[in-house]
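**Student:** I need the structure of the sequence given here:
(one chain, ligands or ions: 2)
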Amino acid sequence: MKTQVAIIGGGPAGLLLSQLLCKAGIDTVVLERQSRAHVLSRIRAGVLERGMLDLLAQAGIADRARAEGIPHDGTVLSYGAQEVRIDFKAHVDTPVTVYGQTEVTKDLYDSADANGTQVIHGVSDVVLHDLDSNTPSVTYQLDGASHRLTCDFIAGCDGFHGVSRQAIPADKRRIFEKVYPFGWLGVLSRTPPVHDELIYANSERGFALCSMRNTSLSRYYIQCRQDDHVDNWSDAAFWDELRRRIPPQHAEALVTGPSIEKSIAPLRSFVCEPMRYGRLFLCGDAAHIVPPTGAKGLNTAASDVHYLNQALRSWYADGAEAGLERYSEQALARVWKVERFSWWMTSLLHRFPDQSEFDLRMQQAELAALAATPEAQAVLARNYVGLPY
Ligand code: RFL
Ligand code: PHB
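**Tutor:** Ligands and ions are numbered 1, 2, ... in the order given. The predicted structure follows:
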């Protein structure tokens, strides 16, 4: 089988790239390890930057996100009983949109169906070949048979645990990594959100986040031990702990109900440099991970896709190599800014096991400085709503 761009991974990065390239008449085949139902059942991100919404519009699939997504003009940071509201509208006049990754992925699959994009599910033993030639290929197993897909380019969109990054020879890549000594326990419940904006809470018992998917579906997180297990947390224990971590007026207003989903995610900062090797280009979690505190993972996958889409379009239009040559540097420049922001938000809001009394006071002082300094709030707002591409 032959295509122009072979895309490994049918998550948001891979599917968005396929749909953008399709608009330019560039042929893609997407190879996905899991079933479609599995990909669509993953509960992950909830906040879209405007840049990502614009990209979805370019791909012709922003209608539902625009109609059903909820624009947010601000977010709340709480510490103890105190709160500071970051006013996106006042500082940067740009909202974010609350719209679940699950919905984005569904819209992308519907678009792939409508456009006849080939998405092959259930592939295994994916191996990348001849990356430093003009005719790279991908071999894989499907239903007990071996297949080879030859192509002009390979987009490695297979997430943190994928094979694409590993296909870059070890002496040609550099890894930067920080693993945080805690995780996030997340619960999805069919209950109205506790507040009309997200609340990021720094409490002496650890971090908590009150988020949502829509007016009747809430998403809550609490910082938990790295080695914790969902079985240790009954719904009642989760709600009790959440109530203790958010300001009293919100704790009183919290409506609880049975959890629909409960999971623990580890927190990590990770960057692989470069994001290109020969004809292989990495996008999204395959190349970098941020802790979820700034809501940046999906959005940063989208900005990579934007750069790669531009570069591939100009190569196919007039043979220009410049965009492809610049891709890694351009994507990484934005990635590192997002890494900094996500690391800073994480450091500001969590309890660290080795935190000294001094460290704690510094955290409190920084939150107080943020509350008292509109310029600092503006910097936070600019990063949260999304840096320009
Ligand atoms: P994905 O979504 O992991 O998709 C990769 C796909 O590749 C497939 N795959 C393979 N396919 C073929 N062959 C192989 N060998 C393969 N290996 C893997 C996988 O099955 C999968 O379908 O990566 P992608 O597309 O780069 O998208 C990245 C985002 O999913 C991720 O960054 C976000 O979910 C992160 N994230 C958030 N991002 C935001 O922008 N805003 C948020 O509010 C936000 N909240 C979150 C988050 C991530 C979380 N978790 C669970 C880590 C909240 C949480 C709790
Ligand atoms: C979510 O709704 O899942 C969510 C929102 C904001 C974050 C992380 C996750 O920072």
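**Student:** And for the closest residue to residue 369 other than its chain neighbours, the neighbour number?
**Tutor:** In this structure, residue 369 finds its nearest non-sequential neighbour in residue 376, 6.4 Å apart by CB to CB, 6 or more residues apart in numbering. Yep, even glycine has a C-beta here, placed from its N, CA and C like the rest. Using other CB atoms under 10 Å, the number of residues around residue 376 comes to 15.
**Student:** Could you grab the helix/strand/coil label for residue 376?
**Tutor:** On the three-state scheme (DSSP: H, G, I helix; E, B strand; the rest coil), residue 376 is labelled helix.
**Student:** Distance check, it against residue 84.
**Tutor:** Computed with CB to CB, to the nearest Å, the distance linking residue 376 and residue 84 is 10 Å.
**Student:** Please identify every residue contacting each of these two.
**Tutor:** In terms of CB atoms under 8 Å, 6 or more residues apart in numbering, residue 376 and residue 84 are both contacted by the residues residue 370.
**Student:** Next, work out how far apart residue 304 and residue 107 are.
**Tutor:** 19 Å.
**Student:** Look at these two and report which has more neighbours.
**Tutor:** For residue 304 versus residue 107, the count of surrounding residues by other CB under 10 Å is larger for residue 304: 31 against 23.
**Student:** what about the helices in the stretch 101-250 of the chain?
**Tutor:** Under the criterion DSSP state H, counting those that start in this stretch, the stretch 101-250 of the chain contains helices at 101-115, 235-245, 248-253.
**Student:** So for residue 260, what's the nearest residue that isn't a sequence neighbour?
**Tutor:** For residue 260, the closest residue by CB to CB, 6+ apart turns out to be residue 188, at 4.7 Å.
**Student:** returning to that earlier point: just to check, the residue nearest to residue 369 is in contact with residue 370?
**Tutor:** Yes. Counting by CB atoms under 8 Å, residue 370 is a contact partner of residue 376 at 5.0 Å.
**Student:** circling back: Serialize the helices of the stretch 101-250 of the chain to a markdown table and add fields for distance to ligand 2 and mean pLDDT.
**Tutor:** Output for the helices of the stretch 101-250 of the chain, formatted as a markdown table (distance: least, CB to the nearest ligand atom, whole Å; pLDDT from 0 to 100):
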| stretch | distance to ligand 2 | mean pLDDT |
| --- | --- | --- |
| helix 101-115 | 8 | 96 |
| helix 235-245 | 14 | 98 |
| helix 248-253 | 16 | 96 |
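**Student:** Can you tell me which of those helices is nearest to ligand 1?
**Tutor:** In terms of CB to the nearest ligand atom, the element of these nearest to ligand 1 is helix 101-115, at 5.3 Å.
**Student:** got a list of contacts for the closest one?
**Tutor:** The contact list for helix 101-115, computed with CB under 8 Å, 6+ apart, reads 11-12, 15-16, 18-19, 22, 30, 36, 39-46, 48, 56, 59-61, 64-65, 68, 117, 119, 298.
**Student:** same question, stretch 322-342
**Tutor:** Around stretch 322-342, the neighbours that count as contacts under CB under 8 Å, 6+ apart are 269, 271, 273-276, 281, 283, 287-288, 290-294, 296, 299-300, 303-304, 307-308, 310-312, 314-315, 383-384, 387, 389.
**Student:** where does the stretch 51-200 of the chain have low pLDDT?
**Tutor:** By pLDDT under 70, the stretch 51-200 of the chain contains no weakly predicted segment.
**Student:** buried set for stretch 142-150?
**Tutor:** Along stretch 142-150, these residues count as buried under the neighbour rule (16 or more other CB atoms under 10 Å): residue 149.
**Student:** Same check on stretch 329-346?
**Tutor:** Neighbour-count burial for stretch 329-346 flags 330-332, 334-335, 338-339, 341-346 (criterion: 16+ other CB under 10 Å).
**Student:** Same question for stretch 5-23.
**Tutor:** Buried positions in stretch 5-23, judged by neighbour count with 16+ other CB under 10 Å: 5-22.
**Student:** In helices, which of the residues you listed fall?
**Tutor:** 12-22 (DSSP state H).
**Student:** so which of those are also by ligand 2?
**Tutor:** With CB under 6 Å from any ligand atom as the criterion, no member of these is in contact with ligand 2.
**Student:** Name the nearest of these relative to residue 177.
**Tutor:** Comparing these against residue 177 with CB to CB picks out residue 13 as the nearest, at 19.9 Å.
**Student:** For the stretch 101-250 of the chain, which residue gets nearest to ligand 2?
**Tutor:** Counting by CB to the nearest ligand atom, the stretch 101-250 of the chain gets nearest to ligand 2 through residue 211 (3.2 Å).
**Student:** so that residue makes contact with residue 196?
**Tutor:** No. Using CB under 8 Å, residue 211 is not in contact with residue 196, being 11.7 Å away.
**Student:** higher neighbour count, the two?
**Tutor:** Taking neighbours as other CB under 10 Å, residue 211 and residue 196 compare with residue 211 leading, 25 against 13.
**Student:** Distance from the helix ranked longest in the chain to the middle of the chain?
**Tutor:** Secondary structure of the chain per DSSP H: the longest helix is helix 322-349. Helix 322-349 sits 13 Å away from the centroid of its parent chain (CA atoms, centre = their mean, to the nearest Å).
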